[in-house]
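J.: Following is a predicted model, sequence given first.
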Amino acid sequence: MNNTEKDDLVTVLGHFNWEKITGAVFLSPMILLGVLGNILTLLVFGTRQQRQTSIAIYLSALAASDIIVLILPAMEFWLYHVLHIYIRRSSDFMCRLFSYATSVLPCVSAWILVAVSTERMMGVCAPLKMKVFSKPKHAFIIVAAITAAVSAIFIPLLPATFLVQNAGLSMCVIDESILTVKVLTALEITFLFALPFLIMIINNSIILLQVAGCSRWNCGKSKNNNTSGNSPQQRKVMKTITRRVIILCAVYMMCNAPLMVLNVIWTAMVDDWVPSDKRLINDLNFIFHILLYLNNSVNFFLYCLIGSSFRNDCMKMKLIFIRKLRALCHIGKYH
């Protein structure tokens, strides 16, 4: 082995060690806490009181989608970069499953968030009409429609991906005659970032303008008796929901934008990169993927920070759990 080959080997080993350490330190707790946080979110929004609102249905669906993202694509990413196990190379089934899940699941989360922001925008602009249309059963139908539509858009990935053997090494590749990499990248950029980003920007801008206008003109209050159309508690809940939706959308856009921009640059200039540029792109791709999965793991903590009602519901669940645990321990003493 000559000196150049030794230097290249040291560089590659150092590159993998850097990714391994970073993935172990940041991605490991992110996946664990994200799954636990989203499970707690499902439990809170699954209570009888919360189930009666469409927003709770949307946020429960978002939490469920985020759990699957963290278990499948994020865990695959962790296994590859921390343990150097590329699970999609183990069989044709795994190749198709993870290729499909990596594209579909984040898009489902994105469009559920679009549905939440759209409903909140309509609720702010036309609250009386939204009381008629904003029902839990409608939210279930919309979530099911989003899941079916996104799944159908990426369905060509299933027949297009397969496992091949190259010099004794298994590789998960895409059949370019069915679906090209550029088309797949364009689909992901469009349906994971561009369209959701545009709709969220429009919805949140309308919400902020409407809220600012209401604050200026004292909307919803009578000039004579200074009473509002809704009770103070209802207005407080609506404000909390509005803040929650705006912050969720903002975090989504900040976490997803870097990777989408990188994918656009890579697709446009893929034939012009030199090896050193490709190494930089791979490093940025690694960092931006961690940022992408951060978006799926942080929502529970955002809910706790934004409003006291979610924290109170969590505390109530904690007290109920402790009470039941003590009851079980008490029963166990007499058996």
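T.: Yes, it's here. Numbers count the residues shown, from 1 in each chain.
J.: Would you verify that residue 139 is located in a strand?
T.: No: Residue 139 is assigned helix when assessed by DSSP: H, G, I helix; E, B strand; the rest coil, not a strand.
J.: who does the helix or strand encompassing residue 143 touch, helix- and strand-wise?
T.: Assessed by DSSP states H and E, residue 143 sits inside helix 136-153. On a contact count with 3 or more CB pairs under 8 Å, 6 or more residues apart in numbering; DSSP states H and E, helix 136-153 meets helix 54-69, helix 92-125. C-betas here are computed from N, CA, C, even on glycine.
J.: For the last one, buried residues please.
T.: In other words, helix 92-125. Using 16 or more other CB atoms under 10 Å as the test for burial, helix 92-125 gives 94-124.
J.: before we move on, the earlier item: now distance to residue 255 and mean pLDDT too, for the helices and strands packed on helix 136-153, in JSON lines please.
T.: Output for the helices and strands packed on helix 136-153, formatted as JSON lines (distance: least, CB to CB, whole Å; pLDDT from 0 to 100):
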{"stretch": "helix 54-69", "distance to residue 255": "12", "mean pLDDT": "93"}
{"stretch": "helix 92-125", "distance to residue 255": "10", "mean pLDDT": "92"}
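J.: Export those helices as TSV, with columns for distance to residue 262.
T.: Shown next, in TSV, are the helices and strands packed on helix 136-153 (distance: least, CB to CB, whole Å):
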stretch	distance to residue 262
helix 54-69	19
helix 92-125	15
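J.: just the helices in the stretch 151-300 of the chain please.
T.: 157-160, 181-188, 195-217, 232-269, 275-297, 299-306 (DSSP state H, counting those that start in this stretch).
J.: any chance of the ones you listed in a markdown table, plus distance to residue 27?
T.: As requested, these are arranged in a markdown table below (distance: least, CB to CB, whole Å):
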| stretch | distance to residue 27 |
| --- | --- |
| helix 157-160 | 24 |
| helix 181-188 | 21 |
| helix 195-217 | 24 |
| helix 232-269 | 14 |
| helix 275-297 | 6 |
| helix 299-306 | 16 |
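J.: closest one to residue 66 among the ones you listed?
T.: Across those, residue 66 has its closest neighbour in helix 275-297 (4.1 Å, CB to CB).
J.: circling back to that earlier point, of the helices and strands packed on helix 136-153, which is nearest residue 311?
T.: Using CB to CB, the nearest of the helices and strands packed on helix 136-153 to residue 311 is helix 54-69, at 15.1 Å.
J.: So what's the gap between the helix or strand where residue 131 lies and the chain middle?
T.: Following DSSP H and E, one finds residue 131 within helix 127-133. Centroid separation for helix 127-133 versus its chain: 28 Å, with CA atoms, centre = their mean, to the nearest Å.
J.: Give me the helices and strands touching it, please.
T.: The contact analysis (3+ CB pairs under 8 Å, 6+ apart) places helix 127-133 against helix 92-125.
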